[in-house]
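> Got a predicted model here, sequence first, then my questions.
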Protein chains: 2
Amino acid sequence: MGVTVAIDCMGGDHGPDVTVPAALAFLRSHPDARVVLVGQPDALGPALGDAATSFGERLRVHPASQVVGMDEAPQTAMKNKKDSSMRVAINLVKQGEAQAAVSAGNTGALMAISRFVLKTLPGIDRPAIATVLPSMKGQIYVLDLGANVDCSAEHLLQFGIMGSQLVSAVEHVERPRVGLLNIGEEEIKGNEVVKQASALLRDSGLNFCGNVEDIYRGSADVVVCDGFVGNVALKTSEGLAQMLTAFLKQEFGRNLLTKLMALVALPALKAFKRRVDHRSYNGATLLGLRGVVVKSHGSADAYGFEQAIHRAAEAAANQLIERIGGRMAAMSHGETA
Amino acid sequence: MGVTVAIDCMGGDHGPDVTVPAALAFLRSHPDARVVLVGQPDALGPALGDAATSFGERLRVHPASQVVGMDEAPQTAMKNKKDSSMRVAINLVKQGEAQAAVSAGNTGALMAISRFVLKTLPGIDRPAIATVLPSMKGQIYVLDLGANVDCSAEHLLQFGIMGSQLVSAVEHVERPRVGLLNIGEEEIKGNEVVKQASALLRDSGLNFCGNVEDIYRGSADVVVCDGFVGNVALKTSEGLAQMLTAFLKQEFGRNLLTKLMALVALPALKAFKRRVDHRSYNGATLLGLRGVVVKSHGSADAYGFEQAIHRAAEAAANQLIERIGGRMAAMSHGETA
C-alpha cells in the first residue's frame, strides 16, 4: 500500500521488546509498507538485530533522546519532552515523512501532543478516540473513549460523522449504520444531551439507526457516546470479561476431575478465546486530527501492537483524514453528512 | 421474621404462573413470613390451587381488578389504573397492612406509583434503584439504575447514603465501602458532577473508598453513579455476558467432537453458570421512599421472583426505611453520615 508508519518504539509497558518485533512482523506481512522506528538507537538495537539492514529502505531508525513516562502529566510531557519518541513520531506525520503514527504510550500525552502538533480538522471541536470491539455480528466501532467527558449534542454529532468515515475507510462499508448509546431504544429516553444529539443525528444525512442499548448486539456499525459513558462501558466490559474468565478457570481448576475436563475441552475453549481475543482488537484511532494517530494498549504484546500498526496503515492508505476533512467541509456548506 | 409482603401477582411477562409459585416457595422457606397476593382472583386461582387454605392466615388474596401493562406510560397507569394490582400492593404498604411490596411490572409505572403513594423520605430529592451484581469478591450493590439521568453531586451523595444503609441492613456490613463510578482512579478524573460528588462523599462520614473504575473487581460494597451511566454499565454487562455465552455455546456445538467435549465438561460449565446466575441477583430495591418496594425483572422465573420477595422481606425486617430516614434526619442536623 506504500504507506509509511512512524512508530513510537519506546512507549508502552514493554517498549522496544514489543514494538520492534511487531514492526518487523508488520513489514513482513505488508511488502509495500515502510516503517520509521523512533526511539533511542541503543535501546532499539537488541530487538532490531540485523533486521536494520535486511528490509533496506523500508525500515529506518529515527533517533529521539527522550521517553514520555506512562504516568507523566500531559502538560509536563508537552513542555519538557520535545525530543521524546512520541513527539518525534508525530512530528514525522506533520512533516509528511510518515502518513501515520502509532504509540503504546500514555493516552493523555499522546492526545495532547497530537492535538498540539497536528491540530484539529476544520469544524472539529474535540478530537475523539474510537476503538473496535467484537459483537454478535462481527465487530463494532465505539467512540468517544477519550477524555471528552462533558459533551454537547454537537460533539456527539461530530463523533458520528468521524466514526462513520472511519468505518467507511477501513472496513469499506459504504453507509455505516450509526447508533447512539442510550438507556432504552425509545426516542424519549436518555438525558437532555442525548435527546438533542438524537435529533441532530436524525437530520444529519448519516445512516442513523437510532438508540442502541446493547453495544454487543451488533445492530450498528458505529456507536456514539460521550467519553465518560464510553469509558465506563469499556472498563465494565473488561472487568466483566476478566471476572468470567477467572470464574471459568476456577471451576475447571477445582480438582483433578475438573482439570481433566478442561483438558478435554481445551480445543473448544481455545477457539472461544481466540474469538474474543482482545489483542485482535488492539489499536484505538484518534479522530479529528490532521493526521492519523493510533493508540495501542500499553500492555499489548507484539501481536497486539502489530494490529495497531496495521490499523494505522489501513486508515492512512484509505485517506481517512481527507474523508473526514471533506465531509466536514461539505457540512459547513450546508450539505448533510 | 414476621414480615408481610404484598405481591403484585399480575406484573411481569408471566404473571401468576410465576409470581404465585414463587410466593408459595417463599412462604415454605420463611415460616414466620406472610404474603398478600394482589390480583384478579380468577387469574390467581389455577396457580394457587389448594395452597389458598394450606398456609392459613399466612397467605391471603387481596383482589385488584386492573393490570398495568408492561409498556403502559407511567402517567396513564397512575391516572387510569387506580385498582391495578401494582397500585393496590403499594397501597397495602402505605396502610401498614404489609411492610414491603414486590412487582415484576413496568419499572416506570412502579416508580411513579410508589413515589406518588408512599412519598419520599425527608431530605431525599429523588428515589433511586439499587441492584446487586456478582463481583470477584462476592457481590456489589450498584445505584442508580432508575431514571435519574441528569444528577447533581448532591443526588450522588444521597445515593451513597441510601446504598450504604441498604448494604448495612440486608448484608449486615457495619460500614460498607462506598465507591464512585469513574473513568480512572485518580481524583482529577471524571466530569464536573463526579468531581464534586467525590468531594461531598469524602466529607460525608461514609466509608468512602474513592473512585471505582471496574465494578466487578469488588473493591467496594456499593458503587454510586447516575442513572444513565448505571444503566449503560448494566446493559453493557448483560449484552457482553449474552454474547460470551452464545460464543461458548457455538464453539462447543460446532461438531460432534466439540459436543462430546461439552458433555464431558458439563459439570464445570454448570458450576460456572450457577455462580453468575442472574436469577440469584434478581430484585432491585427502590430506595428513598417511605416504604420498601422491590422490582423484579419482568422475565424472571419463579426462582428469580422468589429471590426478589426474599430481598423485600430482608429489607423490611431489617428496618431499611427507618435506617435511611434516621440517617437523613441526622444529616439535616449537621451530623455526618
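Ah, there it is.
> going forward, measure contacts and count neighbours with C-alpha atoms only.
Will do.
> Next, the residues that contact stretch A:279-290 from outside, please.
Contact with stretch A:279-290 is made by A:111, A:114-115, A:118-121, A:124, A:126-134, A:162, A:292-297, A:300-301, A:303-305, A:307-309, A:311-312, A:321, A:324, as judged by CA atoms under 8 Å, 6 or more residues apart in numbering or on different chains.
> Straight-line length of it, end to end?
End-to-end distance of stretch A:279-290 (CA to CA, to the nearest Å): 27 Å.
> Check stretch A:289-299 too.
25 Å.
> what does stretch A:201-213 give?
From its first residue to its last, stretch A:201-213 covers 16 Å (CA to CA).
> And stretch A:108-126, by the same measure?
Per CA to CA, stretch A:108-126 runs 14 Å from first to last residue.
> Strands of the stretch 1-150 of chain A, residue ranges please.
A:4-8, A:34-39, A:59-63, A:100-103, A:128-135, A:138-143 (DSSP state E, counting those that start in this stretch).
> got JSON lines for these, with mean neighbour count too?
Below are the strands of the stretch 1-150 of chain A laid out as JSON lines (neighbours: other CA atoms under 10 Å in any protein chain shown):
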{"stretch": "strand A:4-8", "mean neighbour count": "30"}
{"stretch": "strand A:34-39", "mean neighbour count": "26"}
{"stretch": "strand A:59-63", "mean neighbour count": "19"}
{"stretch": "strand A:100-103", "mean neighbour count": "31"}
{"stretch": "strand A:128-135", "mean neighbour count": "23"}
{"stretch": "strand A:138-143", "mean neighbour count": "22"}
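> and those as CSV, adding distance to chain B and mean pLDDT?
Output for these, formatted as CSV (distance: least, CA to the nearest CA, whole Å; pLDDT from 0 to 100):
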stretch, distance to chain B, mean pLDDT
strand A:4-8, 24, 98
strand A:34-39, 29, 97
strand A:59-63, 33, 96
strand A:100-103, 20, 98
strand A:128-135, 7, 94
strand A:138-143, 11, 94
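> residues touching the residue nearest to A:A284 when sequence neighbours are not counted, list them.
Using CA to CA, 6 or more residues apart in numbering or on different chains and skipping residues adjacent in sequence, the residue nearest A:A284 is A:T131, 4.5 Å away. The contact partners of A:T131, by CA under 8 Å, 6+ apart, come to A:141-143, A:145, A:281-285.
> Same question for A:S29.
Per CA under 8 Å, 6+ apart, neighbours of A:S29: none.
> And it, what's its pLDDT?
A:S29 is assigned 95 on the pLDDT scale.
> what's around the residue of the stretch 1-150 of chain A found nearest chain B, how many residues?
Ranking the residues of the stretch 1-150 of chain A by distance to chain B (CA to the nearest CA) places A:V149 first, at 5.3 Å. For A:V149, the count of nearby residues is 20 (other CA atoms under 10 Å in any protein chain shown).
> Hmm, A:G230 and it touching each other?
No. Using CA atoms under 8 Å, A:V149 makes no contact with A:G230, being 9.3 Å away.
> where's the residue nearest the centre of chain A relative to B:T120, distance?
Residue closest to the average C-alpha location in chain A (CA atoms, centre = their mean): A:A284, at 0.7 Å. Per CA to CA, A:A284 is found 45 Å from B:T120.
> what about the top helix by length along chain A, near chain B?
The longest helix of chain A (DSSP state H) is helix A:227-252. Yes. Between helix A:227-252 and chain B, judged by CA under 8 Å from any CA of the partner chain, the touching residues are A:228-229, A:231-233, A:235-240, A:243, A:247-248, A:251-252.
> picking up where we left off before, which strand residues bridge the residue nearest to A:A284?
A:V142 (DSSP bridges).
> Neighbours of A:F252, how many?
A:F252 has 24 nearby residues by other CA under 10 Å.
> contacting residues around the residue of the stretch 1-150 of chain A closest to chain B?
A:226-229, B:190-191.
> possible to save the residues you listed as JSON lines with neighbour count, pLDDT and distance to B:A47?
Putting these into JSON lines (neighbours: other CA atoms under 10 Å in any protein chain shown; pLDDT from 0 to 100; distance: CA to CA, whole Å) gives the following:
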{"residue": "A:D226", "neighbour count": "26", "pLDDT": "92", "distance to B:A47": "48"}
{"residue": "A:G227", "neighbour count": "24", "pLDDT": "91", "distance to B:A47": "49"}
{"residue": "A:F228", "neighbour count": "22", "pLDDT": "91", "distance to B:A47": "47"}
{"residue": "A:V229", "neighbour count": "25", "pLDDT": "92", "distance to B:A47": "44"}
{"residue": "B:G190", "neighbour count": "23", "pLDDT": "71", "distance to B:A47": "51"}
{"residue": "B:N191", "neighbour count": "17", "pLDDT": "81", "distance to B:A47": "51"}
